[in-house]
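Enquirer: I'll drop the sequence and a predicted model, then ask my questions.
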Amino acid sequence: MAESLERIVESPDPERLATGFEFTEGPLWHPNGYLLFVDIRRSLIHSLVPGAQPEIFREDSGRSNGLTFDLDGRLIICEMENRRVSRMEPDGSYVSIAERWQGKRLHRPNDVVCHSGGSIYFSNPGFSLEADERDFDFNSVHRIAPDGTVTAVITDLETPNGLAFSPDEGILYVANTREAMYIAAYDVQADGSVANGRVFADMSSDETEGVPDGMKIDEEGRVYCTGPGGCWVFDASGSKLGTIRLPEIPSNCAWGGPDYKTMFFTARTSVYTLRMKTGGIRPPGIG
């Protein structure tokens, strides 16, 4: 492990918590003490108490991917196959909160984050759709305003995927997965729009497995982005500190545990964990 990562990572080696899945994604720590994650190809959402066996949380989940909480602690879900963003209600039912933009059907919502102002941002790549299945011809990041209005806030990225906010929520980071591989950064405006798009970090690599995908941020503003060969770690200026290597290529990561110093990784057929020396940023609805 790179010397700079030794100052960040506490665990000597990753611990595998569960395995036997087809393709894990969407990790999210629940404040009741368990991890939620998806098995995309089986269209399942699982729950996992560390040290116990995983359980099915939701079946037929529409090939769910990214998960987060809104300000009221309700689960928000990107349902790729159903081409919508949904919300789990207190009674266990699911309602759609975004299916269309300007009357056009969404592509395949992929990842999602909530802002402390109540807005929900989600990536909407369409690379897995045939041309005749797409209602508009660009990939995007959209915002669901607190009043439910859906707007397109980013339309200039080839394949937007993972999303994360800086600790002060002034910057929205977006992983660009296909074509050029990099993390973009945008300044979040008072009205919920974003501006000043630029490349935060280049993630091009000679590694043959992995692409820029899920992202999380720690309390010191470091950016953790799963990518070629493992999870890449950058300081707040965009300088790479190193790559966290796991037994399998990770697709996403999430902070959790009682002190939010445990990093959970969804990695192909398994879920892994590492203890970190710096805590992570919690979703704003989970104080």
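Expert: On my side now, so go ahead.
Enquirer: I'd guess residue 135 is in a strand, am I close?
Expert: No. Residue 135 sits outside any strand when classified using DSSP: H, G, I helix; E, B strand; the rest coil, being coil.
Enquirer: neighbours around it, how many?
Expert: Residue 135 has 15 neighbours, counted by other C-beta atoms under 10 Å. In this view, the C-beta of every residue, glycine as well, is placed from N, C-alpha and C.
Enquirer: Also residue 260?
Expert: Neighbours of residue 260 using other C-beta under 10 Å come to 19.
Enquirer: who's in contact with it?
Expert: Contacts for residue 260 were tallied using C-beta atoms under 8 Å, 6 or more residues apart in numbering; they are 29, 279, 280, 282.
Enquirer: where along this protein do the helices fall?
Expert: Ranges of helices within the chain are 3-6, based on DSSP state H.
Enquirer: Sketch out the low-pLDDT regions of it for me.
Expert: Across the chain, residues meeting the criterion (pLDDT under 70) sit at 1-3, 287.
Enquirer: Who are the packing partners of the top strand by length along it?
Expert: The residue-count maximum for a strand in the chain (DSSP state E) belongs to strand 194-202. With contacts taken as 3 or more C-beta pairs under 8 Å, 6 or more residues apart in numbering; DSSP states H and E, strand 194-202 sits against strand 150-154, strand 182-188, strand 223-227, strand 230-234.
Enquirer: ok so, going back, narrow the contacts of residue 260 to those in strands?
Expert: Using DSSP E, the contacts of residue 260 in strands are residue 29.
Enquirer: can the contacts of residue 260 go into a markdown table with extra columns for neighbour count and distance to residue 189?
Expert: Formatted as a markdown table, these follow (neighbours: other C-beta atoms under 10 Å; distance: C-beta to C-beta, whole Å):
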| residue | neighbour count | distance to residue 189 |
| --- | --- | --- |
| 29 | 24 | 29 |
| 279 | 15 | 28 |
| 280 | 23 | 25 |
| 282 | 15 | 23 |
